[in-house]
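Student: Dropping a prediction and its sequence here:
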Amino acid sequence: MSIVAGVDFGTLSVRVSLFDKCEGRLGSGAAEYPLNRSPHDPNFATQSHAAQMDALVEAMRKALNTSRIDGHRVEALALDTTGSSVLPVGEGLQPIDDYYLWCDHRAWSEAQEITEAAHAQGLEAIEWCGGAYSSEWGFAKLLHWLRHNPEKRGRFVTALENCDMVAATLCGISSVEELPRSICAMGHKWMWNPRWGGLPSQEFLTSVDPLFDGIRQKLAGRYMTSDRIAGRLSGVWAERLGLRAGIPVPTGALDAHWDAIGANIRLGDVVNVIGTSTCMIGLSQENMLVPGVCGVVPGSVVPRYTGIEAGLSAVGDLFDGIARRGNTSVAEMMKGLESYRAGQTGLLRMTWDNGDRTVLVNPNLGGVTFGWNLVHTAQDELFAAIEGTALHTRIILERMREKGTPVNRIINGGGIPQKNDVLNRVYANALNKPVLIPVGDVTSLGSAIFAFVACGDYASVEEAQDALCPAHRVQLPDEREAAVYDRLYSLFRDAYFVLGLPNAPSAPVGHILPALRQIASRTQRQEGK
């Protein structure tokens, strides 16, 4: 039976899992790498490619040891990474600098310039990435690097997404023409789409800044879905990893998109991949515009469907920030929250602490909390923040439904739902729909599924999902709690669009605070508090 390696590069660590076609997960290994931050700039977040690759070697060795198998039995290796995490490279695809990590927001001004130019020139691509280009995405980050590193520009050959750089490194690819380019990464983060012939025109890109002259050609390569082979493992990296040279490495992808695969996403599902942030992944049979949604890209998740991406810029990070200010941990603060009920705190938390990814696509927003009184606690704020992320998710789901994207099932994937039943309960009640949670660990399972497809063990992604994905447990909504969240959602929606849009028309907000107090009083009476 075939054994494959599924590799998942996260924000702080890489995890390697080895899977047997019949026995499932055999074992795993993980290794950390540093995230570089600056005390002088909260938008700064970089990472070393060399550190990532060293960690991959360590994690692979651990996975082989825990699985007790010979690495030469591994038949394929597939990988996903964070994104948009952008690396400028020179000759031979050697890094000139570190990755601009996905959570690096230094390029907010460049993103605004791209957005303004796109609307002024009627660029169709801007509508297909939600109407606004993000500081988290590729062209903005590359332009920021070109502007701020004049002494390095002469060495610049191209820029790569994290997943494409790792695949190219493993396969010994050193030329732009042979580069594997992930349709998942380039479609959602670089405005690539076959609808307009790939990337935006060179004319448009040069109009944003002459530093982009010739950039379209520099971003050449083989643009492929993840059922296509990026290359084969080189002898050098086979030796380092303890594997066999020549095994297939399929085209990589973004981690959240393959987390959705591991969570068993199907047509009509939306998977909330909830971790440091939330990435929401949906599938559609149609290519349709969804205003405010980050990306609509054919083949980006499952090759024969259109992938839809949306999300929240801070979730786990938001919870951690609240705990840090309270000089404690999220795990400690969660104790007792199982007794909290919808609206009982009287707080309404706008979860914009790291900006808004969807629907407003505005990185300049900040967290807002309505309803504070003199006896509120940090624990109250944490519960209100969980409610806020659920209500923000409902904003996004409603936008998707309005534009014709089916939303039949909600699956809470990612790391947080596996260990936070309070969050799952709040989401089920706030969305007023059953929420499914994978029973087993699905980290790196999506990578393994594409590895199995690459070595021919399964004919399609769906066939591999049928065989390998774990079952779901179901969190059902409570009718009374859902009714309270309907009221809270109305208030949240009012505040979301009044405060979140720079040019929002004047609208009354004086009803929000009295309504919050009324909801809290009623909930507390019902609970006998």
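Tutor: Yep, that arrived.

Student: for the chain, which spans come out with low pLDDT?
Tutor: By pLDDT under 70, the low-scoring segments of the chain are 1, 528-529.

Student: biggest helix in the protein by residues?
Tutor: Using DSSP state H to define each element, the chain has its longest helix at helix 378-402.

Student: give me the number of residues near I396?
Tutor: Neighbour count of I396, defined by other CB atoms under 10 Å: 25. Backbone N, C-alpha and C define where each C-beta goes, glycine included.

Student: contacting residues around it?
Tutor: For I396, the contact set (CB atoms under 8 Å, 6 or more residues apart in numbering) comprises 280, 293, 310-311, 358-359.

Student: In CSV: those residues, plus secondary structure, distance to A256 and neighbour count.
Tutor: Below are the contacts of I396 laid out as CSV (DSSP: H, G, I helix; E, B strand; the rest coil; distance: CB to CB, whole Å; neighbours: other CB atoms under 10 Å):
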residue, secondary structure, distance to A256, neighbour count
M280, strand, 8, 25
V293, coil, 14, 27
A310, strand, 11, 29
G311, strand, 8, 23
T358, coil, 13, 27
V359, coil, 18, 24
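
Student: Name the nearest of the residues you listed relative to N429.
Tutor: Each of these was checked against N429 using CB to CB; the closest is M280, at 18.2 Å.

Student: quick revisit: so which of the contacts of I396 comes closest to A31?
Tutor: Within these, the smallest distance to A31 is 26.5 Å, found for G311 (CB to CB).

Student: my guess is that closest one contacts I274, does it?
Tutor: No. G311 lies out of contact with I274 (CB atoms under 8 Å); the separation is 9.7 Å.

Student: Three-state assignment for V474, please.
Tutor: Using DSSP: H, G, I helix; E, B strand; the rest coil, the structure places V474 in strand.

Student: got a list of what the nearest residue to it once chain neighbours are set aside touches?
Tutor: Here the nearest residue to V474 in space, its sequence neighbours aside, is P434; by CB to CB, 6 or more residues apart in numbering that works out to 5.2 Å. By CB under 8 Å, 6+ apart, the contact set of P434 is 409-410, 428, 474-477.

Student: L283 touches D269, doesn't it?
Tutor: Yes. Counting by CB under 8 Å, L283 does reach D269; the two are 6.8 Å apart.

Student: neighbour-wise, which of the two wins?
Tutor: Neighbours were counted for L283 and for D269 using other CB under 10 Å; L283 has more, 22 against 19.

Student: which SS state does the more buried one fall under?
Tutor: At L283 the chain is in strand, as set by three-state DSSP.

Student: repeat for V176
Tutor: Assigned with three-state DSSP, V176 falls in the coil class.

Student: now G6
Tutor: In three-state terms, and counting by three-state DSSP, G6 is strand.

Student: For it, list each beta-bridge partner.
Tutor: Per DSSP bridges, the residues bridged to G6 are S17, A78.

Student: picking up where we left off before, show me what counts as buried in the longest helix of the chain.
Tutor: Neighbour-count burial for helix 378-402, counted by 16 or more other CB atoms under 10 Å, picks out 379-397, 399-400.

Student: Do a quick rundown of the strands in the stretch 1-150 of the chain.
Tutor: 3-9, 13-20, 24-32, 36-38, 41-47, 74-81, 86-89, 99-100 (DSSP state E, counting those that start in this stretch).

Student: And the fourth one, what's buried?
Tutor: Neighbour-count burial for strand 36-38, with 16+ other CB under 10 Å as criterion, is recorded at no position.

Student: Which neighbours in the sheet does it have, and how are they oriented?
Tutor: Strands adjacent to strand 36-38 in the sheet, as given by DSSP bridges, are strand 41-47 (antiparallel).

Student: Show residues contacting the partner strand.
Tutor: Contacts for strand 41-47 (CB under 8 Å, 6+ apart): 33-38, 85, 97-106, 108, 135.

Student: for stretch 209-223, same thing?
Tutor: With CB under 8 Å, 6+ apart, stretch 209-223 has contacts from 113, 139, 142-143, 146-147, 153, 156-159, 164, 176-181, 183, 186, 190, 192, 198-202, 205-206, 228, 230.

Student: Looking at these, which are in helices?
Tutor: 113, 139, 142-143, 146-147, 164, 183, 186, 202, 205-206.

Student: quick one on the thing from earlier: between the contacts of I396, which is nearest V461?
Tutor: Top of the list for closeness to V461, among the contacts of I396 and by CB to CB, is M280 at 19.2 Å.

Student: ok, for that closest one, nearest residue in space, not its chain neighbours?
Tutor: Excluding its sequence neighbours, the residue lying closest to M280 (CB to CB, 6+ apart) is A310, at 4.4 Å.

Student: now G355, nearest residue through space, not along the chain?
Tutor: Leaving aside its chain neighbours, G355 sits nearest to P363 (3.6 Å; criterion: CB to CB, 6+ apart).

Student: burial measure for the one you found, as a count.
Tutor: P363: 21 surrounding residues under other CB under 10 Å.

Student: which ones are touching it?
Tutor: Contacts for P363 (CB under 8 Å, 6+ apart) come out as 105, 108, 111, 134-136, 313, 354-356.

Student: Take those residues and keep only those in helices.
Tutor: Counting by DSSP H, the contacts of P363 contribute 108, 111 to helices.

Student: What are the boundaries of the strands in the stretch 151-300 of the chain?
Tutor: Taking DSSP E, counting those that start in this stretch as the criterion, the stretch 151-300 of the chain carries its strands at 158-161, 180-182, 222-224, 229-232, 248-250, 253-254, 269-274, 278-284, 295-298.

Student: Quick one: these as CSV, columns for distance to V439 too.
Tutor: Formatted as CSV, the strands of the stretch 151-300 of the chain follow (distance: least, CB to CB, whole Å):
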stretch, distance to V439
strand 158-161, 32
strand 180-182, 29
strand 222-224, 33
strand 229-232, 32
strand 248-250, 27
strand 253-254, 24
strand 269-274, 15
strand 278-284, 19
strand 295-298, 30
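
Student: So which of these is nearest D466?
Tutor: strand 269-274 (14.6 Å).

Student: Please put the alpha-carbon coordinates of that closest one into CSV.
Tutor: Output in CSV follows, covering the C-alpha atoms of strand 269-274 (Å, rounded to 0.1, in the frame of the first residue of the first chain):
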residue,chain,number,x,y,z
ASP,A,269,-20.3,23.7,1.8
VAL,A,270,-18.5,26.6,3.5
VAL,A,271,-15.5,25.6,5.6
ASN,A,272,-14.4,28.1,8.3
VAL,A,273,-10.7,27.3,8.8
ILE,A,274,-10.4,29.0,12.2
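
Student: now the angle from that strand to strand 278-284?
Tutor: Using axes from the mean of the first three to the mean of the last three CA atoms, to 10 degrees, the inter-axis angle of strand 269-274 relative to strand 278-284 is 170 degrees.

Student: And for strand 269-274, what's in contact with it?
Tutor: Here strand 269-274 makes contact (CB under 8 Å, 6+ apart) with 255-256, 259-260, 263, 265, 278-283, 315-316, 393, 397, 400, 407-417, 423, 427.

Student: Pull up the pairing partners for that strand, direction included.
Tutor: strand 278-284 (antiparallel), strand 409-413 (parallel).

Student: quick one, which of these is packed in tightest?
Tutor: strand 278-284 (a mean of 25; mean count of other CB atoms under 10 Å).

Student: so it versus helix 378-402, what angle?
Tutor: Going by the same axes, to 10 degrees, strand 278-284 makes 20 degrees with helix 378-402.

Student: How far off centre is strand 278-284?
Tutor: Centroid separation for strand 278-284 versus its chain: 9 Å, with CA atoms, centre = their mean, to the nearest Å.

Student: still on that earlier bit, which among the contacts of stretch 209-223 count as buried?
Tutor: Buried by 16+ other CB under 10 Å: 113, 139, 142-143, 146, 156-159, 164, 176, 178-181, 183, 186, 190, 192, 198-200, 205, 228, 230, out of these.
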